[in-house]
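Peer 1: pasting a predicted model and its sequence here:
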Amino acid sequence: MRKIVIFFLLIFIISSINLHSEDNGLKIPKIVFKGKILDLSQIGKFNKIFLNDKEVTSNKIIFNRTGNFEIKIIKDKKEFIFKVFSIYGILTILPPLIAILLALIFKETIIALFIGVLTGAFIIGKFDFIGAFFNVVDKYIIEAIANKERASIIIFTLLLGGMVGIITKSGGVKGIVESLSNRVRSSRSTQLYTWLMGILIFFDDYTNTLVVGNTMRPLTDKWKVSREKLSYIVDSTAAPVASIAVISTWIGFEISLIDQSLKAYNINADAYELLLSSLPYRFYSILALIFVFLIFFMRRDFGPMLKAERRAAYGKVLGDKAVPISDFESSGLNPSRYIEARWYNGLIPIVVVIVFTFGGLYISGKNYLLSIGNPIASYSFFEIIFVGDFVRNVGKIVSSADSFKVLLWASMMGAVTAFFLSYFQKILKIRDLISSFIQGMKSMIMAIVILVLAWSLGIVLVQLGTADFLVSLLHSNLDFRLFPAIVFIFSAFIAFSTGTSWGTIAIMFPLVIPMVIVMLKGSPEFRHFLILSISSVLAGSVFGDHCSPISDTTIMSSLASSCDHIDHVKTQFPYSLTVAIIALFFGIIPVSLGFPYLLSMLISVLLALIVLLFFGKKVIE
C-alpha cells in the first residue's frame, strides 16, 4: 500500500506542478567555494560588473574569502543584483561524501541519498536546518522531476515494468525459457542454454535472475552442474547483460542521469547517443559474459568453483554443510500452473519495444533534421543504408531524435501488445491483466525513488560547484588519461560496499560527468573521455555489485538457484576479480592511453583464455 501511495504521489506531482523562473541571461552562482575563479566570459553579456561596489576591470573574479559577496551587473541600462555566498571548498564535497559513507555504513541507498541532499540544502541555505529540511521536498525534489524529460523517464520505467509484469504472469517469459530448455542434452549444453537464456532475458536483471535460476535448476541438477555454478551463470547474465542492453529497465535511469549532468553544464549532446557509444567500452560486463562462455566451453574451472564442480560430478550439487534457501516466494507474478506457457507471448512484446525504439529514433531523428534543413533528411531508408557513410548518417539521425519521447512510444506499445496478446487468447482476465500491470509497475517504485533522489543530489552538487572544487584540487596533478580507471575502481568499491549498482550510479554520475566537462571541455579528446568515464562508472558499478555479498541480485541468484549464499559468493568472487583485473589493465587503461579498442578487447579475451588454460583444470581429469 505504501508503494502505491508513493506511485500516485509521484504522478500527481509530475502532472500538477508548473515552475516559473526569471531568465535575464546572466549566470551567476549563488554558492562558490573560497578560491573559486569566476570567468566573466561565461556569465553572459553585460556592460559593467561590480563586486562589493567596486568595478571589476579584469576578465575574472576571485573569491578569496568566505562569507557574503554582492555582485552588481549593468546590462542594457538595467541593474541586476546577485548575492553570492562563499564557503570553504571542503563543504562542497560533504553531500556526496556523507551519502557515500552512510550508504557504506547502513547499506541503505535511499536514506543515504536523502541525507546527502539535506546536507547540500543545509549548506546552500546558509546553515538554516529547518529551511533546508523543507527545501529538500519543496525545491530540490520538485525541481528534479518537474520537467518533460525526467517525467518521461519515470513513465517509461513504469510502463516497461508493467509490461514485464504482464508477460511474466501470462507465462510468456516461462515459455521462452521452456522452448530452449527442451534442447538440453549434456552438462555443457545445460550451461550453454542457461547462459543463452540469461542473454535473451536482457530487459531486466531481476526478471532474468528469478526466471533463469528457477527454471534451469532441475536441468542443471539432472546433468550434475553444481548449484554454485548455476548461481554464477545466473548472476553473470543478470546485471552485466541488462547494463549493456540497448533496451532494458536500466536505460531510462542511465540516460536521465547523463542528460541531467550535460544540461547543467550546457553541453549540447544527446544522452542516448552517448550511452550507445559507451556500450563497447564496458569491458567488465562484456568480458564477464565471455568468461562464463569460455569456462563451460573449455570445461575448466579453478579455485573454490573447481571443488564445487568436482563434488557435483559425483552427484552432490550442494556441499555437505550448505544451507540452501528453498521455497522461494515470488512477487505474485508467477503464472498459474493451468496457464500454457507460450514463448511468443513473451517474445513479441519485447520485439515490439525494440522495433519501436529503433524505428522511433529513425523517424524522430529524420523529422528533426528535416525541420532544420539537413540534407540527410531527404535520403530514403535504402539510400542511408547503401549510399555514403552509413554509420555516420545513422549516428546523426539517432543523435537528432527525441529519445525520451521515443522511449515512451516503445514502452507504451510493448505494454499494449502484451495486454492484448493475453486478453485475446483468454489467458488472463482484464482484472488479472491490470493487477499484473500494476504489480510490475510497483516493482519499479524503489528505482524511481532512488532516481528522484539522485536527480536532487545532482542539482545540489551543481549549485555547490562540487565538481569544480574537486577539479581545482586534482587538475594540476591528475593525468586525465587515468581518470576512467580511477572512476572504475571507485565505482566498484562503492557498489561492493553498498550492494547496489543503481545507487552507485546515482552517486557517481553527478560527480564524474561534471569533472570530465570541467577538465576537458573544448579539448578534441573531450567526447572520447566522456564516453570512457560513463562506461567506467557503469562497468565498475556492475563489478562491485556482482561480487558483493549484500547485493540484491547476488542474493536473488542464490535464492533462485537454491544455493547456499556464502558458497555462491566464495565461488564467484575469484572469477569476478579475474575479469575485473583483465578489464582494468588490458582494457580501460590501454584504451585511455590511446591503444586501439579492438586490439585491447582481443588481448583481454586471449588473456582470459590463457588464465583458464594455465590455472583452470578439468572437472574430471
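Peer 2: Noted; the coordinates are in hand.

Peer 1: phi and psi next, for the residue most central in space within the chain.
Peer 2: Of all residues in the chain, the one closest to the mean position by CA atoms, centre = their mean is Glu254, 4.1 Å from it. Note on Glu254: backbone dihedrals following degrees, to the nearest 10 are phi -70, psi -50.

Peer 1: heads up, I number from 50, so please use that
Peer 2: New numbering, starting at 50: the last item is Glu303.

Peer 1: ok, the residue lying closest to Glu227 once chain neighbours are set aside - contacts?
Peer 2: Nearest residue to Glu227, sequence neighbours excluded (CB to CB, 6 or more residues apart in numbering): Ala390, at 5.4 Å. C-betas here are computed from N, CA, C, even on glycine. Going by CB atoms under 8 Å, 6 or more residues apart in numbering, Ala390 touches 220-221, 223-224, 227, 384.

Peer 1: hang on, Ala390 in a helix?
Peer 2: No - going by DSSP: H, G, I helix; E, B strand; the rest coil, the assignment for Ala390 is coil, not a helix.

Peer 1: any idea how far it is from Val213?
Peer 2: 16 Å (CB to CB, to the nearest Å).

Peer 1: let me see the mean pLDDT of the biggest helix by length in the chain.
Peer 2: Ranked by number of residues, the top helix in the chain under DSSP state H is helix 393-420. The average pLDDT within helix 393-420 is 84.

Peer 1: for that helix, which positions count as buried?
Peer 2: 394-399, 401-403, 405-407, 409-411, 413-415, 417-418 (16 or more other CB atoms under 10 Å).

Peer 1: what helices or strands is that helix leaning on?
Peer 2: helix 197-218, helix 221-230, helix 439-449, helix 452-473 (3 or more CB pairs under 8 Å, 6 or more residues apart in numbering; DSSP states H and E).

Peer 1: name the residues that touch the shortest one?
Peer 2: Looking back up the chat, that one is helix 221-230. Against helix 221-230 from outside (CB under 8 Å, 6+ apart): 213, 215-217, 242, 245-246, 249-250, 256, 260-261, 264-265, 268, 384, 389-396, 398, 467, 470.

Peer 1: relative to helix 393-420, how tilted is the helix or strand that it is followed by?
Peer 2: Sequence-wise, the next helix or strand downstream of helix 221-230 (DSSP states H and E) is helix 236-249. Per axes from the mean of the first three to the mean of the last three CA atoms, to 10 degrees, the angle that helix 236-249 makes with helix 393-420 is 40 degrees.

Peer 1: helices or strands next to helix 236-249 in the packing?
Peer 2: helix 221-230, helix 254-271, helix 276-285, helix 332-347.

Peer 1: just send these back as TSV, with mean pLDDT, mean neighbour count and distance to Arg576 too.
Peer 2: Listed next are those as TSV, based on pLDDT from 0 to 100; neighbours: other CB atoms under 10 Å; distance: least, CB to CB, whole Å:
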stretch	mean pLDDT	mean neighbour count	distance to Arg576
helix 221-230	73	21	38
helix 254-271	73	23	29
helix 276-285	91	29	31
helix 332-347	94	22	19
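
Peer 1: distance to Met461 added to those, as TSV?
Peer 2: Compiled in TSV, the helices and strands packed on helix 236-249 are given as follows (distance: least, CB to CB, whole Å):
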stretch	distance to Met461
helix 221-230	18
helix 254-271	19
helix 276-285	30
helix 332-347	28
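
Peer 1: Ser429 is nearest to which of these?
Peer 2: The closest of the helices and strands packed on helix 236-249 to Ser429 is helix 332-347. By CB to CB, the value is 34.4 Å.

Peer 1: elements contacting that closest one?
Peer 2: Counting by 3+ CB pairs under 8 Å, 6+ apart, helix 332-347 packs on helix 236-249, helix 276-285, helix 288-293, helix 575-595, helix 614-632, helix 646-664.

Peer 1: so Pro289 touches Phe340, yeah?
Peer 2: No - taking contacts as CB atoms under 8 Å, Pro289 lies outside contact range of Phe340: 10.0 Å.

Peer 1: low pLDDT regions in the stretch 450-599 of the chain?
Peer 2: 496, 516, 519-527, 547-548, 599 (pLDDT under 70).

Peer 1: dump the residue contacts of the residue nearest to Ile554 when sequence neighbours are not counted.
Peer 2: Of all residues not flanking Ile554 in the chain, Ser590 sits nearest, at 5.2 Å (CB to CB, 6+ apart). Neighbour list for Ser590: 292, 540-541, 543-544, 550-551, 553-554, 557 [criterion: CB under 8 Å, 6+ apart].

Peer 1: ok, of the residues you listed, which one's closest to Leu626?
Peer 2: For the contacts of Ser590, the nearest to Leu626 is Ala541 (10.0 Å; CB to CB).

Peer 1: what sits against the closest one?
Peer 2: 589-590, 592-593, 629.

Peer 1: and it, how far is that from Pro398?
Peer 2: Counting by CB to CB, the gap from Ala541 to Pro398 is 34 Å.

Peer 1: tell me the domain ranges of the chain?
Peer 2: As recorded under automatic domain parsing, the domains making up the chain are 73-136, 200-667.

Peer 1: for those, which one ends up most surrounded?
Peer 2: Highest mean neighbour count among the domains of the chain (mean count of other CB atoms under 10 Å): domain 200-667, with a mean of 20.

Peer 1: circling back: of the contacts of Ala541, closest to His614?
Peer 2: Gly593 (17.4 Å).

Peer 1: ok, the nearest residue to that closest one once chain neighbours are set aside to Trp551 distance?
Peer 2: Nearest residue to Gly593 in three dimensions, chain neighbours excluded: Ala544, at 2.7 Å (CB to CB, 6+ apart). From Ala544 over to Trp551 the distance is 9 Å, taken as CB to CB.

Peer 1: shouldn't Met212 be in contact with Ala459?
Peer 2: No - with contact defined as CB under 8 Å, Met212 does not reach Ala459; the gap is 10.0 Å.

Peer 1: what do those two both touch?
Peer 2: Val402.

Peer 1: quick one: whichever strand or helix holds Val565 to helix 575-595, angle?
Peer 2: Using DSSP H and E, Val565 sits in helix 550-569. Interaxial angle of helix 550-569 relative to helix 575-595 (the same axes, to 10 degrees): 160 degrees.

Peer 1: so how far is helix 550-569 off the chain centroid?
Peer 2: 12 Å (CA atoms, centre = their mean, to the nearest Å).

Peer 1: quick one: the residue nearest to Glu227 from Ile139, how far?
Peer 2: 58 Å.
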